[in-house]
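Q: Dropping a prediction and its sequence here:
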Amino acid sequence: MPRLTDLTKLENVLPNDYVYVVDVSDTSKHIDGSSKKSYVSDLFYSYTGSVSSINSVDTVINGVWNATPIESVYVGAHSLSHSVSGSDSIKLDELGLPTDNTNLNANENRNGLLPKLNNSDFYFLNGHGEWKKESKKIPYGTAFLTFDTDEENEEVSILLLSTTGYVAIQWWDNSVVIYGSGDNSNGFYCNKSIPTGINAWSSSSPEKHVYIWPASSSGDASYSGELTGISVDSANYADISLLYNIYHGAVFTNGDMKRIDISSLKNTLVLGMENCNLDYIDLSNLESISQAIFNHNNITNLKIPSNSYMYYLLCYQCGLISISAPGCSFEAGVDIRDNNLSYSALNLFFTDLSSGDATIYVADNPGSLTCDTSIATEKGYTVITS
């Protein structure tokens, strides 16, 4: 409602508007005892005359006009004219700038404002009002990678293989390039130079997003077939949760991933995450895997899918405090040196194994010299403790 201090210039007052009165002579209604900042009186009257005839307004006390002077007038019904259907509605984009808080954000109980944007591509707003990576919305069969600035490299290089012999990549500049010659038995490198100059890699977006999917042909980037192999160096995030079968393998090296989503992966020959700063990986949905490489990470607990028949498992300097492979058999080797495995953790690992003929390396663990190697050797394994 407009605040009017000059009673001879009451504007936008219509007949039958309610005019609210502020009584500044009544100190009980002052905000403080010295100033004349007052509360609005509970009393009001209906204005039916003309604006020009109003020279003063009195406050009603005990039903009698007492000529008490007032400081201002509030016109009640006038606020309705600012609503959507009013004569002078206020436009949202003409209001003042909001403060940076979330008080009026929408939630599951009410409509409201949009959360502050996160200034990054490839994110979406979920049903909880949170910004999430768009990798969860990518099509089936697509891999999603993120690269950080790395001035030491001159290009990003990705080794790929697909059932069609072709792959399409959408690079960080949104260009889509088709790679491959139609050979579905040999991998091929897909390279992208790191930009230089004014729009250099380091001065543009700090994260470079890359989408990869199997293409139909050399001239058709539409999705077809499956990705069967991927090898990437220096990625800091990878989502292959929508790849079900990577028969030839998925290998990631020298990244800063922390975690990788392989929740839908069922079958792969090789799964490698070496020197990627991983602190967790869930292999529970894998149905077949031959070779696993997790050297130089921070994975404290690792469980190999039950009853797997594996060629080798490499977890050197991985930070392990527990490892289990219930019913699993290893043919070539198991390297779990230089971890934090106690003698009881090693004994439990040996106990869970099925028979095999691999060599198991356990040196430089707290329990290396005190574990019971006979548990494994009686199953056909050779155990090296130092």
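A: Cool, got the structure. Note that the coordinates shown come from a computational prediction; the quantities given were computed from them, not determined experimentally.

Q: List the residues that contact Leu227.
A: Contacts for Leu227 were tallied using C-beta atoms under 8 Å, 6 or more residues apart in numbering; they are Gly141, Ala143, Leu160, Leu161, Ser162, Val167, Ile212, Trp213, Pro214, Leu243, Ile246. For glycine as for every other residue, the C-beta is placed from the backbone atoms N, C-alpha and C.

Q: Restricted to strands, list those.
A: Ala143, Leu160, Leu161, Ser162, Val167, Ile212, Trp213, Pro214, Ile246 (DSSP state E).

Q: which one is the first one nearest to, not counting chain neighbours?
A: Spatially, and ignoring its direct neighbours in sequence, Ala143 is nearest to Ile212 (4.4 Å; C-beta to C-beta, 6 or more residues apart in numbering).

Q: Pretty sure the one you found sits against Leu161.
A: No - the criterion here is C-beta atoms under 8 Å, and Ile212 misses it with Leu161 at 11.2 Å.

Q: Report the set of residues contacting both of those two.
A: The contact sets of Ile212 and Leu161 overlap at Leu227, Ile230 (C-beta under 8 Å, 6+ apart).

Q: How many neighbouring residues does Ala363 have?
A: 15 (other C-beta atoms under 10 Å).

Q: tell me the secondary structure for it?
A: Secondary structure for Ala363, judged by DSSP: H, G, I helix; E, B strand; the rest coil, is coil.

Q: where does the stretch 51-200 of the chain dip in pLDDT?
A: Residue ranges of the stretch 51-200 of the chain with pLDDT under 70: 51-85, 118-124, 131-140, 148-154, 195-200.

Q: What are the boundaries of the strands in it?
A: 60-61, 64-65, 70-75, 123-125, 131-133, 143-148, 155-162, 167-170, 176-179, 188-193 (DSSP state E, counting those that start in this stretch).

Q: Would you mind listing the outside residues contacting the last one?
A: Outside strand 188-193, the residues within contact range by C-beta under 8 Å, 6+ apart are 154-161, 167, 169, 171, 177, 179-181.

Q: Now it - C-alpha only, PDB.
A: Taking Å, rounded to 0.1, in the frame of the first residue of the first chain, the C-alpha atoms of strand 188-193 are listed here in PDB:
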ATOM      1  CA  PHE A 188      41.600 -47.100 -32.500                       C
ATOM      2  CA  TYR A 189      42.800 -43.900 -30.900                       C
ATOM      3  CA  CYS A 190      40.500 -40.800 -30.800                       C
ATOM      4  CA  ASN A 191      42.500 -37.600 -30.200                       C
ATOM      5  CA  LYS A 192      41.500 -34.000 -29.500                       C
ATOM      6  CA  SER A 193      44.100 -31.200 -29.200                       C
END
